[in-house]
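Asker: Here is the input, now give the coordinates:
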Amino acid sequence: MRVADTKELPKRSRYYQSMIDLQLIDKGQSYKKLNQSYIIFICPFDLYGKGRHIYTFENVCKEDTSISLKDGTTKIFLNAKGEMDDVSKELKAFLDYAVGRKSDDVFVRKLEEAVEEAKRNREWRHEYMTLLMRDQENVEKGKIYGAITTYRELDLSEDEILKKLEIRFQLTEKEANEYLQNAE
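Answerer: Now for the predicted structure:
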């Protein structure tokens, strides 16, 4: 759920896609192990200003839009302020709920009950915080691997890369070396 339009959501969706892909396969594994993935943003604003409730993106050929890349990725931006009749009444009710509008929809009522139960459940809160911390760690790892790629593209020596990693990410020499070895 994105509250403010920071004009970065398309790039953020690309970043999230890369983070998902990094988690799905390990170095040396077949790309066939990459499952279908969806990045979905629920927004209380219209990112593209066309009045749609839903904007779905898949990679297609610019020269011939009948050709799809079929890379298994889909990015969806849901707009709670949409004006078109382009989604089901259930999805519309959910989007209304997401921006604080009341609904009599059965699914929305069940969702509301589940949210209230989750707020009262300490174990779920702990699990959520654990997942949040893991996600933050994964973001940091992604930044480190991205830096390694950049440093290599700049033709820096392994020793120079190690020093830069230690300083920029406050890593020990051993940690920096592990990242460097895993990035190969």
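Asker: contacts, neighbours, all on C-alpha from now
Answerer: Will do.
Asker: how about the longest helix anywhere in the chain: buried residues?
Answerer: Secondary structure of the chain read by DSSP state H shows that its longest helix is helix 122-153. Buried residues in helix 122-153, counted by 16 or more other C-alpha atoms under 10 Å: 138, 141, 142, 144, 145, 147, 148, 149, 151.
Asker: And the next helix or strand past it?
Answerer: Using DSSP states H and E, the next helix or strand after helix 122-153 towards the C-terminus is helix 158-169.
Asker: Could you point out the helix or strand that follows that next one?
Answerer: Next along from helix 158-169, by DSSP H and E: helix 173-182.
Asker: what's that next one packed up against?
Answerer: helix 122-153, helix 158-169 (3 or more C-alpha pairs under 8 Å, 6 or more residues apart in numbering; DSSP states H and E).
Asker: Please repeat the previous calculation with a cut-off of 7 Å.
Answerer: helix 158-169 (3 or more C-alpha pairs under 7 Å, 6 or more residues apart in numbering; DSSP states H and E).
Asker: And the helix it packs on, what's buried?
Answerer: Buried residues in helix 158-169, counted by 16+ other C-alpha under 10 Å: 161, 162, 163, 164, 165, 166.
Asker: which two in those are spaced the farthest apart?
Answerer: Farthest apart among these by C-alpha to C-alpha are 161 and 166. That separation is 8.6 Å.
Asker: hang on, the earlier thing: starting at the chain centroid, how far to the longest helix of the chain?
Answerer: Mean-position distance between helix 122-153 and its chain equals 12 Å (C-alpha atoms, centre = their mean, to the nearest Å).
Asker: That concludes my questions; thank you for your assistance.
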